[in-house]
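S.K.: Predicted structure and sequence below. I'll ask about it afterward.
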Amino acid sequence: MGGFMSAVAILAYSGGLDTTLSLKKLINDGFDVTTVTVNIGDERNWEEIREKAISQGASEALVFDLRQEFADDFVAHSLRGGVLYDDKYPLATALGRPLMAKKLAEVALDKSARTVAHGCSGKGNDQLRFEHTVKYLYPGVSVVAPIREGQVKRSLSKSFQESLNTPKSDSLGVYSIDENIWGRSIECGVLEDAWEEPPEEIYKVTNPVDRTPAEGLDMEIEFAAGLPIALDGVSYSFLEIIELLNKTGGLHGVGRIDMIENRVVGIKSREIYEAPAAVILHTAHSELESLNLSKGQIRLKRIVSGEYADLIYQGFWYTSMHKDILTYVRSTQSAVSGKVKIRVKKGHVTVLGRQSDYSLYDRDIASYEKFDGFESDTAVGFIQLHGLESSVQISKQKKLIFNSTKDFRRIAWA
């Protein structure tokens, strides 16, 4: 007698509570589950996670080391784009999701699976990032979120953990934590009180300021076309530079971010991030752009960077809009080559100097000590032209502008 063939489901699996619960629910629903675990920089025992998935009923547990791809094809674009969501968050988690979702879609296609699953809740942003990406790359596939169905409450985590017979791995079980090479995010627990100072126990890669070295550290970062290629004259891969700066910056307390974040679903959330390398490299990169790009380029780049951050945050990585933005960003970075000298000390990144063969800064022109390359007499004509429009408006609309009073000195510009 022929056996019943179960439907195959591909599950994004971290080994944590939510994805383990999702695994159990999928199995209970009759699915033959293959788990997909992606390493993009979280320091964990990946073989242990694979074994846990098998022990909880997965028919196959796949683990992929994608740190290099994540650095070169995702983080690199965000750095060159100057991408900071709400002007603070370097989008570490948001950047990792489209890569994870891409791998889910690839495995699902390889196995002809018609169902892909993730462990996101109905309140978070990751559900958008996973589902948009999977459906872009694998049209027609069914995407499910087992714990979103009926909206499992995280406050019940203890009873769920006990029912799964898998003890919590550490004292941080009350928090929701995600980590990769570009940053570490922490939320939930006492952090949901926006007035409370974050407990020191949540931090892993950054020292508190009172436990950082008394002396700061100066370093020189060299960029080529918008990406770092060397530290203090020694060449490294982009991934290696990120890893080195995470250690150095974390030692000196650099990279802690505490912010109220505007989620896609309309909820404000309190988020804590640790991102030493991201903070250092964004600071240095922005400084080099200020040296090499024109005022107009910098102004437009800031607008595009904001749009780019929103696009990534909302999960639209694999879209034509992203392709268009990336074309513009790449064009702006052609001249962003040079060196930036910085100091990391007591939680701060200070720019000490910058230089480039493409620098638009000309000391001879800028100096107040001499007028080489700049005729001072031309300033008179420039001033007249620069103020021409406002002069004409004052002459024609003086009564409107000064509220029909003759004594303009008493006007309060409210």
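M.R.: Thanks, I have the structure now.
S.K.: dump the residue contacts of the spatially most central residue of the chain.
M.R.: The residue lying closest to the centre of the chain (Cα atoms, centre = their mean) is Leu91, at 1.6 Å. By Cβ atoms under 8 Å, 6 or more residues apart in numbering, the contact set of Leu91 is 78, 83-85, 182, 309, 312-313. Every residue, glycine included, has its C-beta placed from N, CA and C.
S.K.: ok, of these, which one's closest to Ser59?
M.R.: Trp182 (32.4 Å; Cβ to Cβ).
S.K.: Who are the contact partners of the nearest residue to that closest one once chain neighbours are set aside?
M.R.: Using Cβ to Cβ, 6 or more residues apart in numbering and skipping residues adjacent in sequence, the residue nearest Trp182 is Ala92, 4.0 Å away. Shown in contact with Ala92 (Cβ under 8 Å, 6+ apart): 178, 180, 182-185, 273, 275, 278.
S.K.: The residues you listed in helices, which ones?
M.R.: Ala278 (DSSP state H).
S.K.: Any chance of a markdown table for the contacts of Ala92, columns pLDDT, neighbour count and distance to Arg354?
M.R.: Listed next are these as a markdown table, based on pLDDT from 0 to 100; neighbours: other Cβ atoms under 10 Å; distance: Cβ to Cβ, whole Å:
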| residue | pLDDT | neighbour count | distance to Arg354 |
| --- | --- | --- | --- |
| Asp178 | 92 | 19 | 33 |
| Asn180 | 97 | 26 | 29 |
| Trp182 | 98 | 27 | 23 |
| Gly183 | 97 | 28 | 25 |
| Arg184 | 97 | 26 | 29 |
| Ser185 | 96 | 21 | 31 |
| Tyr273 | 98 | 26 | 26 |
| Ala275 | 98 | 29 | 22 |
| Ala278 | 98 | 29 | 19 |
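S.K.: how about the contacts of Ala92 in a markdown table, adding distance to Phe74?
M.R.: Shown next, in a markdown table, are these (distance: Cβ to Cβ, whole Å):
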| residue | distance to Phe74 |
| --- | --- |
| Asp178 | 15 |
| Asn180 | 10 |
| Trp182 | 8 |
| Gly183 | 12 |
| Arg184 | 16 |
| Ser185 | 16 |
| Tyr273 | 17 |
| Ala275 | 15 |
| Ala278 | 13 |
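S.K.: pLDDT below threshold where in the stretch 151-300 of the chain?
M.R.: Along the stretch 151-300 of the chain, segments meeting pLDDT under 70 span 151-173.
S.K.: got it, and the stretch 1-150 of the chain?
M.R.: 1-5, 150.
S.K.: all strands for it, in order.
M.R.: Secondary structure of the stretch 1-150 of the chain (DSSP state E, counting those that start in this stretch): strands at 8-12, 32-39, 60-65, 115-117, 142-144.
S.K.: Could you identify which of these is most buried?
M.R.: Mean neighbours per residue, mean count of other Cβ atoms under 10 Å, is largest over those for strand 8-12, with a mean of 26.
S.K.: What strand or helix carries Val264?
M.R.: Counting by DSSP states H and E, there is no helix or strand that carries Val264.
S.K.: which ones are touching it?
M.R.: Here Val264 is in contact with 125, 128, 313-315 (Cβ under 8 Å, 6+ apart).
S.K.: Rebuild the contacts of Leu91 as JSON lines, extending it with distance to Met219.
M.R.: JSON lines is the format used below for the contacts of Leu91 (distance: Cβ to Cβ, whole Å):
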{"residue": "Ser78", "distance to Met219": "22"}
{"residue": "Val83", "distance to Met219": "23"}
{"residue": "Leu84", "distance to Met219": "22"}
{"residue": "Tyr85", "distance to Met219": "27"}
{"residue": "Trp182", "distance to Met219": "19"}
{"residue": "Ala309", "distance to Met219": "27"}
{"residue": "Ile312", "distance to Met219": "28"}
{"residue": "Tyr313", "distance to Met219": "30"}
